[in-house]
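A.B. asks: Generate a structure from the sequence data that follows.
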Amino acid sequence: MDLKTKYLGLELKNPVLPSASPLTEDKDVAKALEDAGASALVIHSLFEEQITHDSGELDHFLSFGTESFAEATSYFPEPGEFKLGPEEYLNHINTLKETVNIPVIASLNGVSAGGWVKYAKNIEEAGADALELNIYYVPTSVELTGEEVEKMYVETLESVKENINIPVAVKLSPFFSSLPNMVKKLDEAGADALVFFNRFYQPDFDLENLEVVPNLQLSANWEMRLPLRWIAILYGNVKADLAASSGIQTHLDVLKVMMAGSKVAMIASELLRKGPRRILEILDDLQSWMEEHEYESIEQMQGSMSQRSVAEPAAFERANYMKTLNSFRKPLF
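C.D. replies: Predicted coordinates:
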């Protein structure tokens, strides 16, 4: 079986790669992922807050509270608030490049262009093979228009592309009023790949303490339906590579996103649950399925079930809405 695929201009031995997660914070785990068959690594993100922390926090805490007692050490930030600061992140890229023999894709998480451009350059110099812009922005102002938000995304991408030579992917949110048009704008702005989708982690309420608390839940399998649908719709309409992320857990999920038109299947939650060797199991099952169904290569199936390829393209649109609802059969009580 020929499992090879091409993503961000990189020749990959198969389409399965870990997406940005804590797994790659340790070089030994990164090596274990490679040994299990990962074709590339998208390493954990460097956050915009870490960049601004590095440049501004020291000055703030050296000047703030200068009239207070010397014992007032609580002014200083907690050690390890950020596991890897900007310089440590760059050193980690260099370490991973010496540890593994597969492409290393760095990740920047934020929204503003300023600090990103500098560290995008540094990431390239540290040896990263590509860069993923994980643009994570939640507009909360009622005055901010959708057009302004879209412009922010495009300008961030353009600023980074103007200053580095390695390929750049953009990890997208699904929350645009016209996702296809947003994808078109990013494609025209030079995105080498588009990743579907970023997961915005929603807060929860602690009713006993009346506090807003973070609530991290690993992705569920049903969540892959959203990227599956949009990749199938957009396949063939943009030059950028398309990549699926969210809810991918099995070899069947990998096959589905390949047939929709994705170049790679990005996995994080499943690996966090079951460990690096889960990749080996997925690849073994993938090859067995392909042999049984007489597929010779991954490339052969890519896009074969996209909207432009299936007999019923309306299945991806509103025309399928009532058909889906009518497929539900009310249980008898």
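
A.B. asks: my guess is residue 166 contacts residue 126, does it?
C.D. replies: No. Between residue 166 and residue 126 there is no contact under C-beta atoms under 8 Å: 10.6 Å. Every residue, glycine included, has its C-beta placed from N, CA and C.

A.B. asks: Okay, and the beta partners of the residue lying closest to residue 262 once chain neighbours are set aside?
C.D. replies: Once flanking residues are discounted, residue 262 sits nearest to residue 244: 4.2 Å by C-beta to C-beta, 6 or more residues apart in numbering. Counting by DSSP bridges, residue 244 is bridged to residue 196, residue 265.

A.B. asks: Can you show me the strands along the stretch 51-200 of the chain?
C.D. replies: 104-110, 130-135, 168-172, 193-196 (DSSP state E, counting those that start in this stretch).

A.B. asks: Reformat these as CSV; add distance to residue 268 and mean pLDDT.
C.D. replies: Listed next are these as CSV, based on distance: least, C-beta to C-beta, whole Å; pLDDT from 0 to 100:
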stretch, distance to residue 268, mean pLDDT
strand 104-110, 12, 91
strand 130-135, 12, 93
strand 168-172, 12, 96
strand 193-196, 12, 98
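
A.B. asks: wait, which of these is closest to residue 309?
C.D. replies: When the strands of the stretch 51-200 of the chain are compared by C-beta to C-beta, strand 193-196 sits nearest residue 309, at 18.1 Å.

A.B. asks: That closest one - contacts with which helices or strands?
C.D. replies: strand 168-172, helix 179-188, helix 225-234, strand 241-245 (3 or more C-beta pairs under 8 Å, 6 or more residues apart in numbering; DSSP states H and E).

A.B. asks: out of those, which comes closest to residue 2?
C.D. replies: strand 241-245 (18.3 Å).

A.B. asks: okay, the angle between the closest one and helix 225-234?
C.D. replies: Put simply, strand 241-245 runs at 170 degrees to helix 225-234, going by axes from the mean of the first three to the mean of the last three C-alpha atoms, to 10 degrees.

A.B. asks: now the next helix-or-strand element following strand 241-245, how far from the centre of its chain.
C.D. replies: Where DSSP states H and E defines the elements, the next helix or strand beyond strand 241-245 is helix 251-260. Centroid separation between helix 251-260 and its chain, computed with C-alpha atoms, centre = their mean, to the nearest Å, is 17 Å.
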